[in-house]
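**Q** Just a sequence and a predicted model for now, questions to come.
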Amino acid sequence: MNYRNSKIVRISAVVAVIGLAGGLALNAQQPPQVKRTIVLKQDMSLPDREGVMALVELPPGAAEGKHTHFAEVFAFVLEGTISLENEGVPTVTLKAGDVFHIAPGKVHQAINNGTVTAKLAAVFVAEKGKPLTTPVK
């Protein structure tokens, strides 16, 4: 192999390593994503209200991000452990079998600092026509 071909091979190898490192860095920077699945949405007999049931999954290291609801929220921890930050209330750690309530308009978030995916079942008594979740900046 001549000097020119050797130089091209070395440059190509450096470019490949930089590309691989950049790709790994991008993947490492993306936080785990919270998954919310609505399993039932139904008009209620209460005026201007709807009932919404959702399954929420928080992978290890995931945080919902601070948000509010136009709803009363009742939740049950199915699996795993979460830290619940809830405006006006001390942060609590909740595990499988624990339940909690979030009042309308309260800023809150769940965080999974554990090693397994945390799963929650949530029931919302929501204002019809309003977004279910509103992020807080």
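**A** Ah, there it is. Numbers count the residues shown, from 1 in each chain.

**Q** tell me the domain boundaries of the protein?
**A** 1-30, 35-135 (automatic domain parsing).

**Q** For the residue nearest the centre of the chain, list the residues it contacts.
**A** In the chain, the C-alpha nearest the mean C-alpha coordinate belongs to Val34, at 2.4 Å (Cα atoms, centre = their mean). The neighbours of Val34, taking Cβ atoms under 8 Å, 6 or more residues apart in numbering as the test, are 56-59, 62-64. C-beta coordinates here come from the backbone N, C-alpha and C atoms, glycine included.

**Q** from these, which two are the most distant?
**A** When the contacts of Val34 are compared pair by pair using Cβ to Cβ, the farthest-apart members prove to be Glu57 and Ala63, with a separation of 13.1 Å.

**Q** For Glu79, list each beta-bridge partner.
**A** Note on Glu79: beta-bridge partners Lys119, judged by DSSP bridges.

**Q** ok, now how distant is it from Gln30?
**A** Look at Glu79 and Gln30: by Cβ to Cβ, to the nearest Å, they are 23 Å apart.

**Q** Likewise for Glu57?
**A** To Gln30, Glu57 is 17 Å away according to Cβ to Cβ.

**Q** How about Leu94?
**A** Applying Cβ to Cβ to Leu94 and Gln30 gives a distance of 26 Å.

**Q** So for the two, which residue has more residues nearby?
**A** Counting neighbours by other Cβ atoms under 10 Å for Leu94 and for Gln30 shows that Leu94 has the greater number, 19 against 7.
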